[in-house]
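# this one's structure only:
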């Protein structure tokens, strides 16, 4: 990896086709102008010459930039030089590298090459360095050099022998789990958010439609009103069914042969049907784990596991699916294999919120729908009183939220469970917390309630529900990094390398 | 953990915040004036006018006179060798602990309003782009504190 390497020559072809694609419209415009202005044979000559020049330029440019682009690892830095006419040098310290991803489009797979993206924590949308096409073994070698060099002890001390021994195989994989085809199908079926629930409402709508159609004796106005609503209902149903189908297909394409594996210090996630994507995430970069149970999956006992990593910038929401569909009862085993740091906390008993929070979470939300219903009744004396239905709905919804909320704490990891529509359980390790905040108001102080807030290195902020103030204080105490250091000296923890 | 941090920020913070709020208030008053013009021009019902000015005054008077005072009263900070402890807010009171090992860098900044009173603002940044401020310290004090924190951060991270 010390000697400068070129990309795979197929890069030239990729660049030519990409640039040609960009030039199609300008060339067509150019041809159009020529045909209008000159006409006849003269125009054809101009067009041929113009197009020829452009194509020649694109080819030269592509060959030249391939020829001039080299990458290598030197002095604990990833270095890349590129640019057909102006030379640009990109140096990225190995320490700053957050992730190295392989992306394979269908074209890459056709030629047996991969695209490598190197990202840092800059928060920029684009990766810091993109190697358009390299062979798989070159990608493995590079990845090895980028991710494992630090462990070996700096660039100078690593020996070629050591490299040769392990280049093709990275560190031995400890665990691997693949999503079965039946799970993939189930994941697709239950992936839509509200869509599924509403699509299930469809048969009910159709039933109602039949009933109304039979009953011809109804008052004409009411009938028209009802059919108006119902045909809108049918339209909605069709749209939802369609979007459901699309979501099934897109799940299939995205998560096909979803595989997660783990070596000593990284998670490796591979997925995709047309575009095979491989992502490498250092375990110590993981900031939070989320177990998401959506409305369709929760009754079936299934959930999705997300991880949140520092350094994915704004590119894709920072959250990454660690496994698309998992039996909730298997979550602990999964965590033990792939994210052992979180196992204990996930098995800790969940504690409900204090009883007096119920009032704050349920009753305090009632005045608004009450006012709304009153206003509706006042302004629309006929249909407005339906607005009172809001009241029990809001009540039940917030009661549901209270009922499902809770928290758990074990050693250095805290878990919070809450619900908006999906039930989400989030586990946060103390090492990811950049700051810890105790929040209260003069009112909550009187009843000894407070809430916990933390900001993670991923930039996301988490607020707990109201908890006992003493519990929040304990939490803040327990997540103190200084405290941890003293403890860690005594026990030989398997997670030592996480720090 | 149940005691608020012991240091207060400079009392002149109240004046700075008040001036700040006055500028905002002037903008709101200008808008409200424009609204009044519209109400008269189009002859809209008078209750709109009353509601508008009621709301404006109800916001402006506490925002200019009361909030800065309360905010100052609850703003506390403390720096020890392990962490920085900041309390802020007067309705939602936030008591934040920032461990030295998590601090990325510390800045002092000074806007025109602060400069007039010889004050500076200390800004503490952690990874992930979060920042916390100690809003009004005497410039000299702020610079000293910044250097002190910088030193503590280096010690904490070397360990």
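Happy to help now that I have it. These numbers come from a predicted model, not from an experiment.
# Now do the closest residue to chain B within the stretch 251-400 of chain A, the pLDDT please.
The minimum distance from the stretch 251-400 of chain A to chain B, using Cβ to the nearest Cβ, falls at residue A:310 (6.7 Å). Backbone N, C-alpha and C define where each C-beta goes, glycine included. Per-residue confidence at residue A:310 stands at 78 (pLDDT).
# neighbours of it, just the number please.
Applying other Cβ atoms under 10 Å in any protein chain shown, we find 24 residues neighbouring residue A:310.
# Now do the same for residue A:8: helix, strand or coil?
coil (DSSP: H, G, I helix; E, B strand; the rest coil).
# so it touches residue A:133, yeah?
Yes. Contact between residue A:8 and residue A:133 holds when scored by Cβ atoms under 8 Å: they sit 4.6 Å apart.
# Now do the same contact list for the residue lying closest to residue A:271 once chain neighbours are set aside.
Leaving aside its sequence neighbours, residue A:271 sits nearest to residue A:258 (Cβ to Cβ, 6 or more residues apart in numbering or on different chains; 4.4 Å). Applying Cβ atoms under 8 Å, 6 or more residues apart in numbering or on different chains to residue A:258 gives the contacts A:178, A:179, A:184, A:269, A:270, A:271, A:321, A:323, A:324.
# out of those, which are buried?
A:179, A:184, A:269, A:270, A:271, A:321, A:323, A:324 (16 or more other Cβ atoms under 10 Å in any protein chain shown).
# Give me the phi and psi for the nearest residue to the first one once chain neighbours are set aside.
Nearest non-adjacent residue to residue A:179, counting by Cβ to Cβ, 6+ apart: residue A:258, 4.0 Å away. Dihedral angles of residue A:258 (phi, psi; degrees, to the nearest 10) stand at phi -60, psi 120.
# just residue B:10 next, same as before
phi -60, psi 140.
# before we move on, the earlier item: look up how far residue A:272 lies from the residue nearest to residue A:179.
Going from residue A:258 to residue A:272 by Cβ to Cβ, to the nearest Å gives 8 Å.
# Could you look up the SS state of the residue sitting nearest the centre point of chain B?
Nearest residue to the geometric centre of chain B (Cα atoms, centre = their mean): residue B:135, 5.7 Å. Classification of residue B:135 by three-state DSSP places it in strand.
# State the number of residues packed around the residue lying closest to it once chain neighbours are set aside.
Excluding its sequence neighbours, the residue lying closest to residue B:135 (Cβ to Cβ, 6+ apart) is residue B:121, at 5.1 Å. For residue B:121, the tally of surrounding residues (other Cβ under 10 Å) stands at 20.
# Pull up the pairing partners for the helix or strand containing residue B:121, direction included.
Assigned by DSSP states H and E, residue B:121 belongs to strand B:119-126. Using DSSP bridges, the strands paired with strand B:119-126 are strand B:103-109 (antiparallel), strand B:131-138 (antiparallel).
# Go through the last one and flag the buried ones.
By that I understand strand B:131-138. For strand B:131-138, burial by neighbour count (16+ other Cβ under 10 Å) applies to B:132, B:133, B:134, B:135, B:136, B:137, B:138.
# cool, stretch A:357-372 as well?
By neighbour count with 16+ other Cβ under 10 Å, stretch A:357-372 contains the buried residues A:357, A:360, A:361, A:362, A:369.
# Helices - which of the residues you listed land there?
The helices, defined by DSSP state H, take in A:357, A:360, A:361, A:369 from these.
# Test my guess that the second one contacts residue A:451.
What that stands for is residue A:360. No. With contact defined as Cβ under 8 Å, residue A:360 does not count as touching residue A:451 (10.6 Å).
# anything in contact with each of these two?
A:444, A:466.
# quick one on the thing from earlier: how much space is there between the residue nearest to residue B:135 and residue B:23?
For residue B:121, the distance to residue B:23 (Cβ to Cβ) stands at 17 Å.
# before we move on, what about residue B:35?
In this view, residue B:35 and residue B:23 are 19 Å apart by Cβ to Cβ.
# Buried residues of the helix or strand where residue A:139 lies, list them for me.
Here residue A:139 sits within helix A:136-152, counting by DSSP H and E. Neighbour-count burial for helix A:136-152 flags A:138, A:139, A:140, A:141, A:142, A:143, A:144, A:145, A:146, A:147, A:148, A:149 (criterion: 16+ other Cβ under 10 Å).
# mind checking the backbone torsions on residue A:441?
phi -120, psi 160.
# unless I'm mixing things up, it is touching residue B:92, no?
Yes. Counting by Cβ under 8 Å, residue A:441 does reach residue B:92; the two are 5.7 Å apart.
# Compare neighbour counts for the two and give me the winner.
residue A:441 (16 against 12).
# And the more buried one, what's its pLDDT?
For residue A:441, pLDDT reads 92.
# Verify the stated contact: residue A:61 with residue A:15.
Yes. Between residue A:61 and residue A:15 a contact is recorded at 7.5 Å, counting by Cβ under 8 Å.
# ok, those two, which is more surrounded?
Remark: of residue A:61 and residue A:15, residue A:15 carries more neighbours, 22 against 16, as counted by other Cβ under 10 Å.
# Now do the buried residues in stretch B:66-76.
B:67, B:68, B:71, B:72, B:74, B:75, B:76.
# wait, the last one sits on residue B:7?
When you say that, I think you mean residue B:76. Yes. With contact defined as Cβ under 8 Å, residue B:76 reaches residue B:7; the gap is 6.4 Å.
# if we can go back for a sec, which ones among the contacts of residue A:258 are found in helices?
Using DSSP H, the contacts of residue A:258 in helices are residue A:184.
# tell me which parts of the stretch 201-350 of chain A are close to chain B?
Applying Cβ under 8 Å from any Cβ of the partner chain, one finds that the stretch 201-350 of chain A approaches chain B through residue A:310.
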